[in-house]
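Engineer: just coords:
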């Protein structure tokens, strides 16, 4: 006695058997789905970072708003002057936030009272000479003194376009290789590309949290840029030639 699977159930069983990042669509009789092979491909390119970005600024506490603003302005000016004296161009120094806010005390069984004000000025700075990155950090922190706040650093590549181009080529080649392997196993040939979608990512050495107090020392903070990885993932749908 024979049992016939309904066409939709047969397609469902086939889809369930295809796991991972590959999908093979075979239409049921009379179906409207176009057959094809959809695969994912990945391309990675490793490179040495040539750019360091750091988040650095100042924070001061004073009794009045005017005193806080003045102290913050003096510390920020010293910080920026140090950066410029170390060859950092004006275009690579960007103010990202300026704030002044009150500080409170909370007496028991009484209303909160303002006891002073905190003024802060935060900068994003690009350092292109990585050989001098440690000295740039140390001297900037030293110039700002106890007001200095170094939030962290990260590394990158100044011109990622060539790396992305190479990673895309590798990703598409990887996708085609996978599609051809599945096509051979299925007894068909890979046809034209029907669609491509892409996601990109850069895996850069982890930012370093450097919220430290400056110490007057002859040692320079060591900075190691490590290795950056530019990654492209593509999803490519190929037609099937029978």
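Structural biologist: In hand now; what should we look at? The structure displayed is predicted, hence computed values, not measured ones. Residues are numbered from 1 along each chain as shown.
Engineer: the residue nearest the centre of the chain: what's it in contact with?
Structural biologist: Nearest residue to the geometric centre of the chain (CA atoms, centre = their mean): residue 202, 5.8 Å. Counting by CB atoms under 8 Å, 6 or more residues apart in numbering, residue 202 makes contact with 156-157, 160, 228-231. Placement of C-beta: from N, CA and C, glycine included.
Engineer: among those, which one sits closest to residue 81?
Structural biologist: residue 156 (25.8 Å; CB to CB).
Engineer: and the contacts of residue 202, which two are the farthest apart?
Structural biologist: When those are compared pair by pair using CB to CB, the maximum separation belongs to 156 and 231, at 13.8 Å.
Engineer: what separation do you get for residue 62 and residue 48?
Structural biologist: 44 Å (CB to CB, to the nearest Å).
Engineer: neighbour-wise, which of the two wins?
Structural biologist: More crowded of residue 62 and residue 48, by other CB atoms under 10 Å: residue 62, with 18 against 11.
Engineer: ramachandran coordinates for the more buried one?
Structural biologist: Backbone torsions of residue 62, given as degrees, to the nearest 10, read phi -140, psi 170.
Engineer: got the contact list for it?
Structural biologist: 68, 70-71, 116-117, 119.
Engineer: what does residue 87 give?
Structural biologist: By CB under 8 Å, 6+ apart, the neighbours of residue 87 are 129, 132.
Engineer: pLDDT score for it?
Structural biologist: pLDDT, residue 87: 96.
Engineer: and what of residue 34?
Structural biologist: Per-residue pLDDT puts residue 34 at 59.
Engineer: could I get the contacts of residue 62 as CSV with distance to residue 126 and neighbour count?
Structural biologist: Converted to CSV, these look like this (distance: CB to CB, whole Å; neighbours: other CB atoms under 10 Å):
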residue, distance to residue 126, neighbour count
68, 28, 23
70, 28, 14
71, 27, 17
116, 34, 15
117, 31, 21
119, 25, 24
